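Enquirer: no sequence on this one, just coordinates:
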């Protein structure tokens, strides 16, 4: 790739940088746009695509051959109001050419994610790509690399099982709940605590067709807000699938529940044995499953002693997560094989990129000759004969182009291929 535009990536991510360093490297939308603008006006830089998430900030660059992007990027970061030093210090990494492409493909496939195989990063890459194209069309190398990364990521997710099974606490809790019942669509769940983890768990419950979900929070307003948000995105055929109840009705909510997920930030248990025992009297022996994913625990240990009540904690969920992570890890070799295939495809495109302008011009030249000849025949002969001549000449052009390209590709070196391209231009094109 050294004879073509060169690709680079500067990355600060969770593998090498702690949270406080990643926070210093983070780019907001205004800074990302400013950086693209500044890099576009930097001599030697063709285009720039920044990507910034909670776990990584990466700056992808395409430059002309021989250009050292580091001083250009350092200057642009400072001008954009970003702490430039973090991208060149011990917590940063840089990759060039096919190594940069391979890194991008692995990121898109979730192989570089904190949660192996997670699909969210693909959407974040697409957002960054769309923003870059709205600002200014990226160079051909970056354009092709990002498009290839989307294909690689999609193939990995569809051809392997790398994103199967829960690897987050919230998802693992819902996956465990699914083991209790044949189907969740006839069951009622109660969510105690509507923070980030609780909200994520609620979305997983809905994704897996929970029959009804009740949100309960010490702040009644937050519980109502979550219920409204979830109902807005729910199936229109199931209105009010999520409802909110006040905190003082928690015991009553236990009476109708099949599964309870508790994830508050309380320092003492919010679900006591007395509350559950009171609810159990009205449940007439119906089993109740309680999932406690809070630290400290939300459910008092004595609750597990109550008949037909089953309590599961973080230890149970961690076991599920470790099993799923091990299963995902086994998919990595298959995923890497797919990525290697896509890198090879990118290399093939790269090897032929210098041919395209001359070949396209040669094709246009031959098609111009064809059109002139067909026009001459049409003046002398019928439309049917002219159409037959047109088809015949199209096949002729196809064969000539095919043989020409094959010959160019067989050149033993880039220098030899450039000589052959120059000869082609001299004989057919420059004379025009």
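Expert: That came through, no problem. This one's a predicted model, so the numbers in the text were calculated from it and none came from an experiment. Numbering: from 1, shown residues only.

Enquirer: what are the boundaries of the strands in the stretch 51-200 of the chain?
Expert: Assignment of strands within the stretch 51-200 of the chain using DSSP state E, counting those that start in this stretch yields the ranges 56-63, 93-96, 188-192.

Enquirer: please identify the most buried of these.
Expert: Burial of those is given as mean neighbour count (mean count of other CB atoms under 10 Å); strand 56-63 ranks first at a mean of 26. Yep, even glycine has a C-beta here, placed from its N, CA and C like the rest.

Enquirer: between the strands of the stretch 51-200 of the chain, which one is closest to residue 389.
Expert: Checking the strands of the stretch 51-200 of the chain against residue 389 by CB to CB gives strand 56-63 as the closest, at 44.5 Å.

Enquirer: present the strands of the stretch 51-200 of the chain as CSV; the columns should include distance to residue 225.
Expert: Converted to CSV, the strands of the stretch 51-200 of the chain look like this (distance: least, CB to CB, whole Å):
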stretch, distance to residue 225
strand 56-63, 30
strand 93-96, 40
strand 188-192, 13
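
Enquirer: tell me which of these lies nearest to residue 316.
Expert: Taking CB to CB as the measure, the strands of the stretch 51-200 of the chain were each checked against residue 316, and strand 188-192 came out nearest at 17.2 Å.

Enquirer: packing partners of the closest one?
Expert: Applying 3 or more CB pairs under 8 Å, 6 or more residues apart in numbering; DSSP states H and E, one finds that strand 188-192 contacts helix 196-207, strand 212-216, helix 250-256, strand 259-262.

Enquirer: would you indicate which residues of the helix or strand just after the last one are buried?
Expert: Spelled out, that is strand 259-262. Read in the C-terminal direction, the helix or strand following strand 259-262 is helix 273-283, with elements assigned using DSSP states H and E. With burial defined by 16 or more other CB atoms under 10 Å, the residues of helix 273-283 counted as buried are 273, 275-277, 279-280, 283.

Enquirer: outside of the helix or strand hosting residue 342, which residues touch it?
Expert: Using DSSP H and E, residue 342 falls within helix 332-352. For helix 332-352, contacts defined as CB atoms under 8 Å, 6 or more residues apart in numbering pick out 1, 4, 98, 101-102, 105-106, 109, 111, 116, 141, 144-145, 148, 151-152, 155-156, 159-160, 162, 409.

Enquirer: how about stretch 92-100?
Expert: Taking CB under 8 Å, 6+ apart as the criterion, the residues outside stretch 92-100 that touch it are 1-2, 6-13, 16-17, 25, 60, 86, 102-103, 145, 343, 346-347.

Enquirer: go with 7 Å
Expert: With contacts defined as CB atoms under 7 Å, 6 or more residues apart in numbering, stretch 92-100 is touched by 1, 6-12, 16, 86, 103, 343, 347.

Enquirer: please pick the buried ones from those.
Expert: Buried members of the contacts of stretch 92-100, counted by 16+ other CB under 10 Å: 1, 6-12, 86, 103, 343.

Enquirer: from the residues you listed, which is closest to residue 305?
Expert: Within the set of the buried ones among the contacts of stretch 92-100, residue 12 lies nearest residue 305; the separation is 49.8 Å, counting by CB to CB.

Enquirer: mind listing what the closest residue in space to the closest one that isn't next to it in sequence touches?
Expert: Spatial nearest neighbour of residue 12, excluding adjacent residues (CB to CB, 6 or more residues apart in numbering): residue 25 at 4.0 Å. Taking CB under 7 Å, 6+ apart, we find residue 25 in contact with 12, 57, 86-87.

Enquirer: among these, which one sits closest to residue 125?
Expert: Of all those, the one with the least separation from residue 125 (CB to CB) is residue 57, at 12.8 Å.

Enquirer: name the nearest residue to that closest one, sequence neighbours excluded.
Expert: The spatial neighbour of residue 57 that comes closest, neighbours along the chain excluded (CB to CB, 6+ apart), is residue 25 at 4.3 Å.
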